[in-house]
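Participant: With the input below, show me the fold.
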Amino acid sequence: MDRYDFHKIKYGSELLIDLVKLESLEKYNIRNNSHVLSYYDITLITAGSGTFHLDENNFNVCPKTVFFTSPMQVRKWEFEKIPAGLVLLFEEEFLNTFFNDAEFFQRLSYFDSTSHKPALLLTDPDFVYFESVLKNIEKEIVAHQKKDDHILRALLYQVLVWLNRLYLQSHSVQEPEPVPGKYIFDFRKLVNLNFQNQHSVGFYADKLNITAGHLNDIVKQHFGISAKQFIQNRIFLEAKKMLLYSSMSVSEIAWQLNFQDDSYFVRAFKKKTGYTPHSWKNTENP
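Facilitator: Okay, the predicted model is just below:
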């Protein structure tokens, strides 16, 4: 599978943000070409049609739609003619080196692939506003000087917070009450690092030096699901990606994800998704 890394010195000196036209990326977005990005991507569709696949989600491509991609999610475009759009690319480091808020990206609902679908349909006024802000970012990048990094950071921060507000409203997602953020941030990080081998809440609670009950309360308050459900969501998200984008057998996937045997994996997958692994893979729009 292809992997695309950020072109950090495209403009001479290092710059960890870019704004490009979707049409200019056609050679990278070859139809039916599964790929991953090592950076964040926010794509605004301005014209055209097709299908955009992101992990296990399938989205219709249409104007005024925004797609959100986090690092290492599996993507694939299907189209007769590549859609037109604006693509905002950036590394997390671009903001974190200045704002020093390691949890900022964890609070953006549209990048939370375990709980929410990473797409948003804009109203006409919001589309006009967002397109204008993206074009302002493009102008700043073209005229970039080292001293202007803060302007770009401010514009990026504005975009991310504004989109998060719209996303919460559009998807009827309630912004979580403040909770011990360090636990949430560290829990998500631990799950992403260990989910293939560690499935129990107790393992993560021990790593965080809190009880399993306390961890469950924190996760439920923040995400609206139990810690066990959060871990399972991550495990089965990976299972779906393996079924879709790899040639691994069900037995190999079960072994890779540390299930005790194939039959247990099949039962657990069906309980979670309503499909057996084979039927899910062969269903056009699971």
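
Participant: quick one, phi/psi of L88?
Facilitator: Main-chain dihedrals, L88, degrees, to the nearest 10: phi -100, psi 120.

Participant: correct me, but it touches L19?
Facilitator: Yes - L88 is within contact range of L19, at 5.7 Å (criterion: CB atoms under 8 Å). For glycine as for every other residue, the C-beta is placed from the backbone atoms N, C-alpha and C.

Participant: Which residue would you name as the spatial centre of the chain?
Facilitator: Closest to where the C-alpha atoms of the chain average out (CA atoms, centre = their mean) is S70, at 3.3 Å.

Participant: any idea how far F104 is from the nearest residue to that residue once chain neighbours are set aside?
Facilitator: What sits nearest to S70 in space, not counting adjacent residues and going by CB to CB, 6 or more residues apart in numbering, is F111, at 4.9 Å. Distance of F111 to F104, given as CB to CB, to the nearest Å: 10 Å.

Participant: Also A84?
Facilitator: Taking CB to CB, one finds A84 at 30 Å from F104.

Participant: Please enumerate the helices of the stretch 1-150 of the chain.
Facilitator: With DSSP state H, counting those that start in this stretch as the criterion, the stretch 1-150 of the chain has helices at 93-99, 124-142, 149-170.

Participant: need those in a markdown table with distance to Q229 and mean neighbour count, can you?
Facilitator: What follows is the helices of the stretch 1-150 of the chain, written out as a markdown table (distance: least, CB to CB, whole Å; neighbours: other CB atoms under 10 Å):
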| stretch | distance to Q229 | mean neighbour count |
| --- | --- | --- |
| helix 93-99 | 29 | 15 |
| helix 124-142 | 32 | 15 |
| helix 149-170 | 21 | 16 |
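
Participant: rank those by pLDDT, which is bottom?
Facilitator: Note on the helices of the stretch 1-150 of the chain: helix 93-99 shows the lowest mean pLDDT, a mean of 76.

Participant: which helices and strands does it pack with?
Facilitator: helix 149-170 (3 or more CB pairs under 8 Å, 6 or more residues apart in numbering; DSSP states H and E).

Participant: re the thing from before, what about F111 and F104, which has more around it?
Facilitator: F111 (21 against 16; other CB atoms under 10 Å).

Participant: Excluding its own residues, what touches the helix or strand harbouring D206? List them.
Facilitator: Assigned by DSSP states H and E, D206 falls within helix 201-208. Here helix 201-208 makes contact (CB atoms under 8 Å, 6 or more residues apart in numbering) with 183, 186-187, 190-191, 194, 198, 211-212, 214-216, 227-228, 231.

Participant: Check which residues of it are buried.
Facilitator: Neighbour counts over helix 201-208 (16 or more other CB atoms under 10 Å) mark 201, 203-205, 207-208 as buried.

Participant: Find residues that contact each of L88 and L19.
Facilitator: With CB under 8 Å, 6+ apart, L88 and L19 have common neighbours 134, 137.

Participant: Those two: which has the busier surroundings?
Facilitator: Per other CB under 10 Å, whichever of L88 and L19 has more neighbours is L88, with 24 against 21.

Participant: quick one: the more buried one from L156, how far?
Facilitator: 8 Å.

Participant: Which neighbours do these two have in common?
Facilitator: 17, 137.
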